[in-house]
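# The sequence isn't on hand, but the structure is:
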């Protein structure tokens, strides 16, 4: 799990170099699982915070990346492993310096995206926010094509179309779901800030993939340890960005007062904050992990595909209404995910057949 010099004749994908197919599949499953947990659990806990008396947007944004110290555990374990093999192993893998600077810049962008999302979620229901955030898939597809030249297939375009249609179907009921106590102006502010968060994150994902590709250039192998370390740096700078906002907004002084007034009780207030931070960390680590193991587009597909799951959990846990529109959107999104999965399977199968044919011709 380190970045090391690559053999001169290497031509394999960075995510598969130096590890077997079983390990690669395990990493894919692990990161997809974390991404799914974060995609569904993070928004629900953030909305629970606002719906039960929380009012601090900067605090909610801070929680989205505030769990970055959890990543110190695998980062330290990786360092100790390297030291056992090589006493002169460097402390950090984020070298050269531009990798660290790129991770820091992406972290600041992520912090800005966290604030846009949290501010929007404070004024719109989680169902509406989920619908709007699902539009990041369109932005991801656009920016992935422009920045990292991600190849689009008929299956991926079909998945995008189906998931987008599902989001549109869900959006048909958005005009009548303004929360109590929220003015019309605040509602539309939250609406457009959520769209802005979707657009910004749709840009961040391809930039992360571009950073990975640049890090793997020059005969170096990109490994999962470096991915985790970069996410730690991104989380630190995103949290620092939100910390400045909390200081300016006097959020730290208001936490104890807000906890006492929380509808679910003071103890549960802090429980919501802690678990919100954990689930959001799952989201961000899972997102960059899926980019590392597969590519940017799958991250966008998974985020959009599980929007209806967030809808259903909102119905069960936050007592939101489940309309026929949501049922149709759920079917369309699952159909889109199945389309994408089949496309990936067919593409992998075709590549395997082509490789076998080349080996047969070479022999």
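Yes, it's here. Every value quoted in this text rests on a predicted model; they were computed, and no experiment measured them. Numbering: from 1, shown residues only.

# Low-confidence ranges, the stretch 251-363 of the chain, go.
320-323, 326, 330, 363 (pLDDT under 70).

# Can you show me the helices along it?
251-261, 266-293, 296-305, 307-317, 324-362 (DSSP state H, counting those that start in this stretch).

# Pick the most buried one from those.
Comparing the helices of the stretch 251-363 of the chain by mean neighbour count (mean count of other Cβ atoms under 10 Å), helix 296-305 ranks first with a mean of 27. Just so you know, the C-beta spots here come from the backbone N, C-alpha and C atoms, and that holds for glycine as well.

# quick one: contacts of that helix?
Residues from elsewhere that reach helix 296-305 (Cβ atoms under 8 Å, 6 or more residues apart in numbering): 32, 35-36, 39, 133-134, 136-137, 140-141, 144, 148, 150, 156, 159-160, 163, 167, 202, 205-206, 208-209, 287, 290-291, 333-334, 336-337, 340, 344.

# now stretch 329-345
Against stretch 329-345 from outside (Cβ under 8 Å, 6+ apart): 153-156, 158-163, 165-167, 169-170, 298, 301-302, 304-309, 311-312.

# ok, 6 Å please
153, 155-156, 158-159, 162-163, 165-166, 169-170, 301, 305, 308 (Cβ atoms under 6 Å, 6 or more residues apart in numbering).

# just how off-centre is it within its chain?
19 Å (Cα atoms, centre = their mean, to the nearest Å).

# likewise stretch 151-171?
That offset, for stretch 151-171, works out to 19 Å (Cα atoms, centre = their mean).

# Name the surrounding residues that touch that stretch.
131, 134, 141, 301, 304, 325, 328-329, 332-333, 335-336, 339-340, 343.

# Contact partners for residue 111?
238, 241-242.

# That one - nearest residue in space that isn't next to it in sequence?
With Cβ to Cβ, 6 or more residues apart in numbering as the criterion, residue 111 has its nearest non-adjacent residue at 3.1 Å, and that residue is residue 241.

# Within the helices and strands, which one has the one you found?
Assigned by DSSP states H and E, residue 241 falls within helix 224-248.

# Average pLDDT for that helix, rounded please.
Mean pLDDT, helix 224-248: 91.

# Kindly report the same for stretch 103-120.
Taken as a whole, stretch 103-120 has an average pLDDT of 94.

# Ok, stretch 157-170 next?
Stretch 157-170 comes out at a mean pLDDT of 75.

# For that stretch, buried residues please.
The neighbour-count check on stretch 157-170 (16 or more other Cβ atoms under 10 Å) flags 158-160, 162-167, 169-170 as buried.

# now do stretch 195-213
195-212.

# which ones among those are found in helices?
Per DSSP state H, helices hold the following members of those: 195-212.

# Tell me how many other residues crowd residue 76.
10 (other Cβ atoms under 10 Å).

# ok, it to residue 335 distance?
Going from residue 76 to residue 335 by Cβ to Cβ, to the nearest Å gives 43 Å.

# picking that back up, between the helix holding residue 241 and helix 251-261, how big is the angle?
Orientation note: helix 224-248 sits at an angle of 80 degrees relative to helix 251-261 (axes from the mean of the first three to the mean of the last three Cα atoms, to 10 degrees).

# next structured bit after the helix or strand harbouring residue 119?
Using DSSP H and E, residue 119 sits within helix 97-121. Counting by DSSP H and E, the next helix or strand C-terminal to helix 97-121 is helix 126-133.

# quick revisit: out of the contacts of stretch 151-171, give me the two with the largest separation.
The span of the contacts of stretch 151-171, defined through Cβ to Cβ, is set by 325 and 343 at 26.9 Å.

# give me the low-pLDDT residue ranges for the stretch 1-150 of the chain?
Applying pLDDT under 70 to the stretch 1-150 of the chain flags residues 1-20, 91-96.

# Compare the helices of the stretch 251-363 of the chain and give me the one nearest residue 119.
helix 251-261 (13.1 Å).

# Tell me which residues are up against that closest one.
By Cβ under 6 Å, 6+ apart, helix 251-261 touches 53, 56, 58-59, 246, 266, 269.

# If we use 8 Å, what do you get?
Applying Cβ under 8 Å, 6+ apart, the set of residues contacting helix 251-261 is 53-56, 58-59, 62, 245-246, 266, 269-270.

# now the angle from that helix to helix 266-293?
Using the same axes, to 10 degrees: helix 251-261 against helix 266-293 is 120 degrees.

# start at 13 instead
All right, first residue 13 from here; so that's helix 263-273.

# now helix 263-273, how far from the centre of its chain.
29 Å.

# neighbours around residue 196, how many?
When neighbours are counted by other Cβ under 10 Å, residue 196 comes out with 8.

# Distance check, residue 115 against residue 202.
Taken as Cβ to Cβ, the span from residue 115 to residue 202 is 30 Å.
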